[in-house]
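Colleague: Generate a structure from the sequence data that follows.
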Amino acid sequence: AEEVDGYLVQAPLVTVQRLYGLHPDEVTQLGVVLADARQLDAVVARARGLIRDPALSVRPWREELPELAAFIRIDRTSDWIFHSLLLVLVLFTIFNTLLMSVLEREREFAVLLAIGTAPADLRRQVLLESAYIAALGCTVGLALGGLLAGLAQVYGIDLTRFYREGLTISGLAVSSTLYARVTL
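Modeller: All right, here's what the predicted structure looks like:
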C-alpha cells in the first residue's frame, strides 16, 4: 500500500550495515518473532536481564506499536460484545422454540393428564425432547463449525476483494488472508 511504502523499508541487514557504516557486529534494532505469543513477557524479562549496556533497551511490541495494541484491544472488546449479543439472541430463539412447542401441544398434554399421566412425567418428556434437540444441534453445529474452521485454518479466508489496495493497521502491512486457529 502507498502509505506503508512511504516510510517502511525492508532491506538485508548486511546492506543496511554497509549503508550506515556499521560493522558486522553492530545493529540498530533486533526483532524477535515468538512461536507462542503467551511467552512474550517471560522472554522480555529474560532479555532485559541479559542486557548490561544502559544504551540498549528491550521493549515489547506493545510499547513499540501502541496504535496496533490499542486496535487489538478494541477488536477483542468488540468481539466480546458481539458474541454476548449473539448468545442472548440464540438463547431467546431456543427458549421461544421450546415454549411454542409446549404451547402447541397443550391439547396433547391435557389428554395425557386426563388418562392419568403424572405431571412429572410430562416435565421429563419435555426435558428429554429438549435434551435431544440440544444434542442434535450441538453435534451438527460442532461438525459444520469444525469443518469450516479447519478449512479456514488450512486455506485461510482471502479478503483481497474487500481491500484491493492492501490492508494496513497503524502503518504496518497486514496479510489480506486470515487464518483461523482451531483449538478445543
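
Colleague: If you count neighbours, what's buried in the longest helix seen in the chain?
Modeller: Ranked by residue count, the top helix of the chain under DSSP state H comes out as helix 66-104. Residues of helix 66-104 classed as buried: Leu68, Leu98 (neighbour count, 16 or more other C-beta atoms under 10 Å). (Glycine included, C-beta is placed from N, CA and C.)

Colleague: Pull the distance from it to the chain's centre.
Modeller: 14 Å (C-alpha atoms, centre = their mean, to the nearest Å).

Colleague: same thing with stretch 37-55?
Modeller: Worked out by C-alpha atoms, centre = their mean, stretch 37-55 lies 27 Å from the chain centre.

Colleague: which outside residues touch that stretch?
Modeller: Under the criterion C-beta atoms under 8 Å, 6 or more residues apart in numbering, residues Val32, Leu34, Ser57, Val58, Arg59, Pro60, Trp61 lie in contact with stretch 37-55.

Colleague: State the distance from the last one to Val44.
Modeller: Same thing as Trp61. Computed with C-beta to C-beta, to the nearest Å, the distance linking Trp61 and Val44 is 10 Å.

Colleague: Can you pull out the low-pLDDT segments for the chain?
Modeller: Within the chain, the ranges that satisfy pLDDT under 70 run 1-10, 28, 169-172.

Colleague: Spell out, range by range, the strands that occur in it.
Modeller: 157-158, 167-169, 172-174, 177-178 (DSSP state E).

Colleague: Neighbouring strands of the first one in the sheet, and parallel or not?
Modeller: What that stands for is strand 157-158. Sheet pairing of strand 157-158 (DSSP bridges) gives strand 177-178 (antiparallel).

Colleague: ok, back up a step: and the longest helix of the chain, what other elements does it pack with?
Modeller: helix 61-64, helix 119-155, strand 167-169 (3 or more C-beta pairs under 8 Å, 6 or more residues apart in numbering; DSSP states H and E).

Colleague: ok, back up a step: now for the contacts of stretch 37-55, which pair is the farthest apart?
Modeller: Leu34 and Ser57 (18.2 Å; C-beta to C-beta).

Colleague: on that earlier part again, can you tell me which of the helices and strands packed on helix 66-104 is packed in deepest?
Modeller: Of the helices and strands packed on helix 66-104, the one with the most neighbours on average (mean count of other C-beta atoms under 10 Å) is strand 167-169, at a mean of 15.

Colleague: re earlier: and of the strands of the chain, who's closest to Arg18?
Modeller: strand 172-174 (25.3 Å).

Colleague: if we compare the strands of the chain, which one ends up closest to Val27?
Modeller: strand 172-174 (20.5 Å).
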